[in-house]
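K.L.:
okay, predicted coordinates and the sequence, questions at the end:
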Amino acid sequence: MRGADRGPLRRRAVLPGAILVMGAAACHSPGAGSGEPAPEPGEPCILGVLHAESTEVEEFLSLEAAEGVRVSLVDRTGEDIRWLNGAEVDACGPRPSGDVLEVRRFELRTVDGRPATLGRLRSRDGLLFLEPRDGGPALRLLSPPSALREAGDGRVGWVTGRDTQDGMVVQAYGLRPRTR
């Protein structure tokens, strides 16, 4: 299980079903008031595993799509997506060249092969909820680990787990590192 600020995900295999999709319809359309920019007509989206690598002087982002095809990413989301290293994401934006994608929007799909929800933590009446980034209804988090409960109201994170009629039993989670 991932804990608070334990760093990015490290292990990840390419999902055999990962595909390269060209066309704006492949990306989730932002909901009204979501704050996400609308896709440009013909703006490509690529589904794949995010890789964040760094040296002492540079940081590199790439997306590994179907059959190991890698595309270099330029993060234009304003959210610093490096912390999602190892997760499967749908990245959308213009492609100034064949092997580069300028990511303007993204959607988290899976973490370690499990469907994941990305959102903002909220506490209400002693209960913990995740308000999904896509604007869907708040998800009540059941049996959250103490580090997740203590993460702070408004903190951005993702969760995976088992759905019940009362909410989601948290099985794994990740938190966006705090900026310094």
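P.N.:
Sure, I can see it. Numbers count the residues shown, from 1 in each chain.

K.L.:
what sits opposite the most centrally placed residue in the chain in the beta ladder?
P.N.:
The centroid of the chain falls nearest to Leu108 when counting by Cα atoms, centre = their mean (3.3 Å). Beta-bridge pairing of Leu108 under DSSP bridges involves Val89.

K.L.:
that one and Gly86 touch, don't they?
P.N.:
No - with contact defined as Cβ atoms under 8 Å, Leu108 does not reach Gly86; the gap is 11.4 Å. Backbone N, C-alpha and C define where each C-beta goes, glycine included.

K.L.:
may I see the buried residues of stretch 60-78?
P.N.:
61-66, 71, 73, 75, 77 (16 or more other Cβ atoms under 10 Å).

K.L.:
same thing with stretch 135-155?
P.N.:
Buried residues in stretch 135-155 (16+ other Cβ under 10 Å): 139, 141-142, 144-145, 148, 151.

K.L.:
now do stretch 75-92
P.N.:
75, 77, 79, 81-92.

K.L.:
same deal with stretch 153-163?
P.N.:
156-161.

K.L.:
pretty sure Asp166 is touching Leu142, no?
P.N.:
Yes - under the criterion of Cβ under 8 Å, Asp166 makes contact with Leu142 at 6.3 Å.

K.L.:
quick one on the thing from earlier: quick check: pLDDT value at the residue nearest to the centre of the chain.
P.N.:
Model confidence at Leu108, given as pLDDT, is 96.

K.L.:
repeat that for Arg124.
P.N.:
92.

K.L.:
look up how far Asn85 lies from the residue nearest to the centre of the chain.
P.N.:
For Leu108, the distance to Asn85 equals 12 Å [Cβ to Cβ, to the nearest Å].

K.L.:
likewise for Glu107?
P.N.:
16 Å.

K.L.:
do Gln171 as well
P.N.:
Distance from Gln171 to Asn85, by Cβ to Cβ: 19 Å.

K.L.:
per-domain residue ranges of the chain.
P.N.:
20-111, 114-175 (automatic domain parsing).

K.L.:
could you work out the end-to-end span of the shortest one for me?
P.N.:
Across domain 114-175, the straight-line distance between its terminal residues is 16 Å, by Cα to Cα, to the nearest Å.

K.L.:
where does that domain sit relative to the chain's centre, distance-wise?
P.N.:
Distance of domain 114-175 from its chain centroid, counting by Cα atoms, centre = their mean, to the nearest Å, is 14 Å.

K.L.:
please renumber the chain so that the first residue is 55 from this point on.
P.N.:
Got it, the first residue is 55 from now on, which makes the last one we talked about domain 168-229.

K.L.:
where along the protein do the strands fall?
P.N.:
74-75, 99-108, 113-118, 124-129, 142-146, 154-157, 159-165, 168-169, 171-178, 181-186, 193-196, 210-218, 221-229 (DSSP state E).

K.L.:
by mean pLDDT, show me the worst of the domains of the chain.
P.N.:
domain 74-165 (a mean of 80).

K.L.:
cool, thanks, signing off.
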